[in-house]
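K.L.:
The following comprises the amino acid sequence and a computationally predicted model.
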Amino acid sequence: MTITPLGSGQEVGRSCHLLTFRSTTILLDCGIHPGYDGMAGLPFFDRVDPSEVDVILISHFHLDHAASLPYFTERTGFRGRIFMTHPTKAVIRLLLGNYLRLMAMKRGGNSASHDGGDANSASNPDVLYTEAELQSCVDKIELIDYHQTIDLNLPSGLKFHALNAGHVLGAAMFFIEIGGRTVLYTGDYSMEEDRHLMAAELPKYHVQPDLLIVESTYGVQVHASRAEREARFTGTIERIVTGGGRCLIPVFALGRAQELLLILDEYWSEHPHLQNVPIYYASKMASRALRVYRTYANMMNERIRCKMDLGNPFEFQFIRNLKSIDVEGFDDRGASVVFASPGMLQSGVSRQLFDRWATDPKNGVLIAGYAVEHTLAKEIMSQPKEVVTLEGRRQPLNCLVDYVSFSAHVDFVQNRDFITKVEPRNIILVHGAKEEMGRLKGALMLHYNKLPENKRPTIAMPPNEVDVKLIFTRRRSAKVMGKLAQQQQTEDEEQNEKDESATPATGTKLAEPKEGDPIRGILVTQQNSSKIVSPDDLSTYTPLRVGSVSSRLHVPYVGKVEILRMFLKEMFRGVEETVEGMGAGGHEKTDGDEAVEGDCLVTTFYMHGGQVQVVVGKTKGVATVEWDCSPVGDVIADSIVALIMHAQSSAASIRLTARPCSHKRQKQDYLIEDPKELIQDHLRSLHQALKDQFLHVEATYEAKKATYDVKLDAIDGDGGESQGEHDGATTCIAVVEFESGLDDTAKITVESEDEKLASNVRECLQNVATSMAPVPID
């Protein structure tokens, strides 16, 4: 498996990661770098052949994760598929359309010059895509819900599902199954529930992924408590506006802006002395953005869902939406608070207002999110004396600049705890400055040093365009599914109940299957994934269907049915039979038909649960063997064919089928012996076997039972046998009984003072009885 960062390798921005395994290529995110313009801000797409990319997975709608998507899909040879969540697709169309307008403003143009089909815009290297190309890209996007599994039916068995990442509305982690291996890509994620979003979730049914690709934005930094950050945020704004200043809060139009608006609107409602200070949300997308948030309120936390039952939580009491703002004509006399995009101050309304207000010491700029390197937002955090305006002139920076992190990224403690719970076998750190990423790697390695070396995950922090290659051995495992899994669970519960009755401890868990436990089913391997299912579940969990093959063989047989019955029952245990009448014309007789000359009986013998049948009498001189093809059925059918041939040539068959001569003699019964006589024959055979092993054996017969008295002579001092009436002989009494008939296993009881002699006698009788007994085949 090869992982190559095409962006955000030892940097923040242009997230894009290439994953290749078993001839399948996946692109994780496709963003731009906010600190660079045009082609310079793209990921390093020259490292990949776009026509070989099978799928692109977009984690969320932020520009550094999604803004280069239209360029890659419309201006390269990409022919794969694109997946993202519903809110992400809804917001991407708004954000990327706004991004095009901001780029036009930065170049001194207007959005009209970027309408689809403009040849000049398409040929301009600074224009990554047009409005028409953006719409074409959006039309290709396919949607995925949280916990929905997508199977692309590729040879590598690629499947993936989305998990809530908590970063922004619709943000998703992707759990990928490919080639029998698993990868978890977090994208940007947050483990802290805020005023409108839930925290990220852990994978519930998949533990220990083979690879975890995780963000490292804040390295080893630890966030202050949420209450402390909110107090500092609202306190700084109050200090600026009560001093008559204007407070600029640069934000992205969607994402953290909605969280900050909720905080500030609530603070204003609790402080009446501030309610005369206006708060503006300056974004052309303001109303559309809030409409998206209202639409997907069901994907937010319980607090927002409860408020939706009473009203719209995003209809603010003290915040005014400005769909358009003319910075030059904006009346900024007096105190005010303005939320304006973009969040990095690289262009747009936030940059224009900053250039206008930066020289006044009463004003303030509050950075409330992560600031990317090479952006003005990052630059002013170091408090320079001068800044360069959008027009290129230098001016003093006299206003207050403060930073309060409301960035929805995990800090070190949250990131470390998440990684520990997931238990990955390999870790790749992305989306972080080189220094912060290095500190995080060192802290994780120190954290894992307490584990045995063979259980420590590998940790890599590759820069852009550097491959990380992971070598995996072929894994042989299979999932037990359907009825087999339920059966195994039932067995475990029964075992657990026994354990609880034996040791009534609280909190006892269900017994887990142990190594060596047998399981019987059908093993199906498809696209590097194996499963074991019951034949009844084959059509449910696989594209296969259950079929059967039946065979029929006609064997010449001129003997009597009684002969065949005797041979079959002596050979096989559990033989069943039915007898039906057959008319002279070959039709089956019913109870109402009268017997006529030429009628015959059709006898059918059933073995192996009815899967093997022998029909005699239906066709003269022929025995028909029918069976369902299987390894056991084929062996039984072969033995039956040999048995039928032998039944016609054995001495017993000849005696029973021979025709008597014409002279008078005593009438003999040519029918088969009584079953009791057969049992007596078996008991005499056991007697003979004992006599072959021991010198003195006496037998007493009683119907289906025989008692054998075995005496072993003592050995005198000279090595010869002692004389006399068996003085000093060792005696062993053995009893063999057939309770019902030859179909039942003989009951053998052996008693003797000499344990070795008793063991030898018992073993001899058991071996002979087993060899004479019919073969159990059910």
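P.N.:
Yep, it's here.
K.L.:
Show the pLDDT at residue 456.
P.N.:
Listed pLDDT for residue 456 reads 92.
K.L.:
number of nearby residues for it?
P.N.:
15 (other C-beta atoms under 10 Å). The way it works is simple: take the backbone N, C-alpha and C, and place the C-beta from them, glycine included.
K.L.:
my guess is it meets residue 448, correct?
P.N.:
Yes. The pair residue 456 and residue 448 qualifies as a contact (C-beta atoms under 8 Å) at a distance of 4.6 Å.
K.L.:
Tell me how far the residue nearest to residue 295 when sequence neighbours are not counted lies from residue 70.
P.N.:
Closest residue in space to residue 295, ignoring its immediate chain neighbours: residue 90 at 7.3 Å, by C-beta to C-beta, 6 or more residues apart in numbering. As judged by C-beta to C-beta, to the nearest Å, residue 90 and residue 70 stand 16 Å apart.
K.L.:
next one: residue 616
P.N.:
From residue 616 to residue 70 the distance is 79 Å (C-beta to C-beta).
K.L.:
Kindly report the same for residue 559.
P.N.:
Distance from residue 559 to residue 70, by C-beta to C-beta: 86 Å.
K.L.:
Then residue 45?
P.N.:
Distance from residue 45 to residue 70, by C-beta to C-beta: 13 Å.
K.L.:
who has more neighbours, these two?
P.N.:
residue 70 (25 against 21).
K.L.:
Provide the secondary structure category for that one.
P.N.:
helix (DSSP: H, G, I helix; E, B strand; the rest coil).
K.L.:
ok, it - contacts?
P.N.:
96, 128-129, 133-134, 136-137 (C-beta atoms under 8 Å, 6 or more residues apart in numbering).
K.L.:
10 Å instead, please
P.N.:
30, 92, 96, 100, 128-138, 140 (C-beta atoms under 10 Å, 6 or more residues apart in numbering).
K.L.:
and the gap between residue 231 and residue 366?
P.N.:
For residue 231, the distance to residue 366 - C-beta to C-beta - is 14 Å.
K.L.:
Now do the shared contacts for the two.
P.N.:
residue 404.
K.L.:
Who has more neighbours out of the two?
P.N.:
Higher neighbour count among residue 231 and residue 366: residue 366, with 23 against 14, using other C-beta under 10 Å.
K.L.:
Surely the more buried one is in a strand?
P.N.:
Yes. Judged by three-state DSSP, residue 366 forms part of a strand.
K.L.:
residue contacts, it?
P.N.:
232-233, 236-237, 240, 247-251, 260, 337, 339, 400-404, 406.
K.L.:
quick one, what contacts residue 73?
P.N.:
Neighbouring residues of residue 73 by C-beta under 10 Å, 6+ apart: 30, 50, 53, 56, 79-80, 82, 129, 133-134, 136-138, 140-141.
K.L.:
Where does it sit, in terms of helix or strand?
P.N.:
helix 69-74 (DSSP states H and E).
K.L.:
Can you name the element that comes right after that helix?
P.N.:
Next element after helix 69-74 (DSSP H and E): strand 81-84.
K.L.:
Quick one: residues in contact with that next one.
P.N.:
In contact with strand 81-84 (C-beta under 10 Å, 6+ apart) are residues 27, 29-30, 53-61, 65-66, 69, 72-73, 89-92, 137-138, 140-144, 148, 150, 152, 160, 162, 170-172, 174.
K.L.:
In strands only, show me those residues.
P.N.:
Residues from the contacts of strand 81-84 lying in strands, with DSSP state E as the criterion: 27, 55-57, 141-143, 150, 160, 162, 172, 174.
K.L.:
closest to residue 543 among those residues?
P.N.:
residue 150 (17.5 Å; C-beta to C-beta).
K.L.:
bridging residues for the closest one?
P.N.:
For residue 150, the beta-bridge partners are residue 160 (DSSP bridges).
K.L.:
burial count for it?
P.N.:
Residue 150, neighbours per other C-beta under 10 Å, totals 18.
K.L.:
residues in contact with it?
P.N.:
Residue 150 neighbours (C-beta under 10 Å, 6+ apart): 55, 57, 81, 83, 142-144, 158-162, 174.
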